[in-house]
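Peer 1: With the input below, show me the fold.
(one chain, ligands or ions: 1)
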Amino acid sequence: MHTYFRLLSYARPISKYAFPYLLLIILATIFNTLNIALLAPLLSTLFEEQQNLTAIKPDSWLDIMGWFDYLTLSANINFGAQKALKWTCLAILSSVLLSNIFKYFSQRIMENLRIQTLLNLRKTLFDHVMNMDMLYFNDQRKGNIIAKIASDVQVVQFSVTNTLQVLFKEPFQLIAYLFVLFAISFKLTLFSILVLPLSAWVISKIVRKLKAQAKEAQERFGMMISYLDEALSGIRIIKGFNATSRIKDRFHQENIQYSELGRKMAYRQQLGSPVSEFLGVLMVTILVLYGGNLVIQGQGDLSAAAFITYIAIFSQIMRPAKALTESFSMINTGLAAGERVLELIDEKPKHEELQGNIAVKELKDKIRFNQVSFAYQKELVLNNVSFDIERGKTVALVGPSGAGKSTLMDLIPKFIHPLSGEISFDGISFSNVSSESLRSIIGIVNQDSILFNDSIKNNIAFANPNASENQIMEAAKIANAHDFIMETENGYDTNIGDRGVKLSGGQKQRICIARAVLMNPPVLLLDEATSSLDAESEYLVQDALNKLMENRTSLIIAHRLSTIQKADLILVLDQGKVAEQGTHFELLFKEGIYSRLIDKQQFKKA
Ligand SMILES: Nc1ncnc2c1ncn2[C@@H]1O[C@H](COP(=O)(O)OP(=O)(O)OP(=O)(O)O)[C@@H](O)[C@H]1O
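Peer 2: Numbers count the residues shown, from 1 in each chain. So this is what the prediction gives:
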């Protein structure tokens, strides 16, 4: 129940919807009940003996059936049977019309509430995911997150608001029907109320298992989205490795399992309806036998018309009862999805306390690493690393694969936080520096050029959406990208496809460089591409990078000898430790790891 109310809190302000909804639903219920209750006067108008009619005014206003009889009989006596029939029909018709008008507007209100919940919940989820720290995504399946935001939320809003609708509406309808039933025959209604809980018990037995199945199904769906995402983003590799049939098979297996679960759930869900229908008819039969006997024996004051009306209403009473039980079966699916959604909302960023609130604007002196260690799990990936990145200088990171270069670089924009030791920015501890301000002065140019399915213009202006066309063009010129951009179909407005598929490797890199040029950050983090480009493209990229690095403080994961040679400081990382540091010639002279790396020609001679 706690889950339910938490989910419902996303429909805030609920009072905005609740009061008008309640009012409309009460009106709709009254008129809906009236039009069935009017069956009795209709039948008596048709079948009553037309002689010696006397209309008796009922004693209490609560005796509605008595009032109906009184009014129709009065009409019958005063205007004749035909006119009375016309009046009754008109009353039924108006009542149906009014009930439907109120029902329609109540549904509109509920729809607004549904949309509001969906909007709020999805926004909260997405905002929350975007605020999580980078390591969170390490342990998460992307598909699972997508499934939660895209589909679970939909299930939640549907089932939660639907239950709300049923919970608000059907009890009123139930009470209204019961009220009329009691008005027709107290004895018979008392008898039937005793049999009602039986059907509720049988149905609850059927739906109990649904929640666990629903949860499993949603998790499977998340898995399927994950496979789909991996398959689509890795399509080139999959085809290249002739792995299409294996991937198809894996997806198919997942699809089968998901469908199987869906089938089991549907079977169980669908069992609810026929069972409750059968139980309903069973109860009506029992009533017909019992009540019919009362009528035949002339016991009690039940007329034939009242008895038929009674049966008509009683068969209707099963509908709200059925809707209630069905919505309880559906709420299980909703709650299972709700728990998955709330699980994500409750996930807290691991290092919230290290966000810091001192805003930095520029680097005046240096970024200092003082005995910094870091571990993703247990094993130290960085071990007591100390060095300075001085303003205006270029520091190159070199070392074998897995040495910890990218990890070290991720520490600077505070994507991850040191396990021990301290990083400081102009003497201010990183834990006090606001991540946002820090990131606003850091430009990142990555190996896997992250581009979005948008125009070239918008991709370059990503960090600076208010940049003018001229500024964008200038940046592209510095990044040696302007010429090829002009050759594309729509120039700067050309769409580059998913992750930039329509561009070559070198072109993608130059767009990323243009993006950094436009951002014009004082500090630059650069991961030099390892993928080989042709000589021409290589030259253009390298030239663009050189221009980008001019007059900036840069930390580079270097793969090119030319970059390394130019660096003010080279940091040789090995198994998480700074094995050597110095300039190119100092390190060559040492004849340590660095000179061996150079000997092995691990660097590109660009
Ligand atoms: N997100 C992660 N979760 C867990 N372990 C990680 C993660 N990223 C890297 N590692 C591990 O940390 C170690 C250092 O990795 P890192 O990527 O920093 O090395 P690198 O020097 O940049 O390597 P390369 O030159 O191959 O990119 C490796 O052993 C790697 O397995």
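Peer 1: wait, what's in contact with residue 36?
Peer 2: Counting by Cβ atoms under 8 Å, 6 or more residues apart in numbering, residue 36 touches 180, 309, 312-313, 316. In this view, the C-beta of every residue, glycine as well, is placed from N, C-alpha and C.
Peer 1: what separates it from residue 566, distance-wise?
Peer 2: Computed as Cβ to Cβ, to the nearest Å, the residue 36 to residue 566 distance reads 90 Å.
Peer 1: same question, residue 487
Peer 2: Noted for residue 487: a distance of 31 Å to residue 566, by Cβ to Cβ.
Peer 1: Of those two, which one has the most company?
Peer 2: A count of neighbours by other Cβ atoms under 10 Å puts residue 566 above the other of residue 487 and residue 566, at 16 against 9.
Peer 1: which residues touch residue 66?
Peer 2: So residue 66 contacts 56, 58-60 (Cβ under 8 Å, 6+ apart).
Peer 1: which of the contacts of residue 36 tops the neighbour count?
Peer 2: residue 309 (25 neighbours).
Peer 1: What pLDDT is listed against that one?
Peer 2: On the pLDDT scale, residue 309 is placed at 82.
Peer 1: cool, residue 572 as well?
Peer 2: At residue 572, pLDDT is 91.
Peer 1: so what's it closest to, chain neighbours aside?
Peer 2: Distances taken as Cβ to Cβ, 6 or more residues apart in numbering put residue 580 closest to residue 572, at 4.2 Å, once the chain neighbours are dropped.
Peer 1: Now do the buried residues in whichever helix or strand that neighbour is part of.
Peer 2: For residue 580, the enclosing helix or strand under DSSP states H and E is strand 577-582. Across strand 577-582, burial judged by 16 or more other Cβ atoms under 10 Å covers 577-582.
Peer 1: Break down the protein into its strands, ranges please.
Peer 2: For the chain, strands defined by DSSP state E occupy the ranges 366-375, 380-390, 394-398, 420-425, 428-429, 442-445, 523-527, 553-557, 569-574, 577-582.
Peer 1: Make a markdown table out of the ones you listed and add distance to the ligand.
Peer 2: What follows is the strands of the chain, written out as a markdown table (distance: least, Cβ to the nearest ligand atom, whole Å):
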| stretch | distance to the ligand |
| --- | --- |
| strand 366-375 | 9 |
| strand 380-390 | 4 |
| strand 394-398 | 8 |
| strand 420-425 | 16 |
| strand 428-429 | 23 |
| strand 442-445 | 14 |
| strand 523-527 | 8 |
| strand 553-557 | 6 |
| strand 569-574 | 6 |
| strand 577-582 | 12 |
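Peer 1: right, and residue 122 touches residue 152 too?
Peer 2: No. Checked against Cβ atoms under 8 Å, the pair residue 122 and residue 152 is beyond contact range at 10.0 Å.
Peer 1: Tell me which of these two has more neighbours.
Peer 2: Applying other Cβ under 10 Å to residue 122 and residue 152 shows that residue 152 carries more neighbours, namely 27 against 20.
Peer 1: tell me the contacts of that one?
Peer 2: Counting by Cβ under 8 Å, 6+ apart, residue 152 touches 218, 337-338, 340-341.
Peer 1: For the ligand, what's its nearest residue on the stretch 51-200 of the chain.
Peer 2: Nearest residue of the stretch 51-200 of the chain to the ligand, counting by Cβ to the nearest ligand atom: residue 138, 4.6 Å away.
Peer 1: now the residue nearest the centre of the chain: how far from residue 215?
Peer 2: With distances taken as Cα atoms, centre = their mean, residue 149 lies nearest the centre of the chain, 1.7 Å away. Plainly put, residue 149 is 17 Å away from residue 215 if you go by Cβ to Cβ.
Peer 1: same deal with residue 463?
Peer 2: Distance of residue 463 to residue 215, given as Cβ to Cβ: 41 Å.
Peer 1: domains of the protein?
Peer 2: By the record's domain assignment, the chain is partitioned as 2-346, 351-439+550-606, 442-520 (automatic domain parsing).
Peer 1: Least reliable of these by average pLDDT, please.
Peer 2: Lowest mean pLDDT within these: domain 2-346, a mean of 79.
Peer 1: so residue 508 touches residue 502, yeah?
Peer 2: No. Between residue 508 and residue 502 there is no contact, the gap being 9.7 Å when judged by Cβ under 8 Å.
Peer 1: okay, those two: which has more neighbours?
Peer 2: Comparing residue 508 with residue 502 by other Cβ under 10 Å, the one with more neighbours is residue 508, at 23 against 17.
Peer 1: That one and the ligand, how far apart?
Peer 2: Counting by Cβ to the nearest ligand atom, to the nearest Å, the separation of residue 508 from the ligand is 19 Å.
Peer 1: same deal with residue 245?
Peer 2: Residue 245 is 30 Å from the ligand, by Cβ to the nearest ligand atom.
Peer 1: what about that residue, neighbour count?
Peer 2: For residue 245, the count of nearby residues is 10 (other Cβ under 10 Å).
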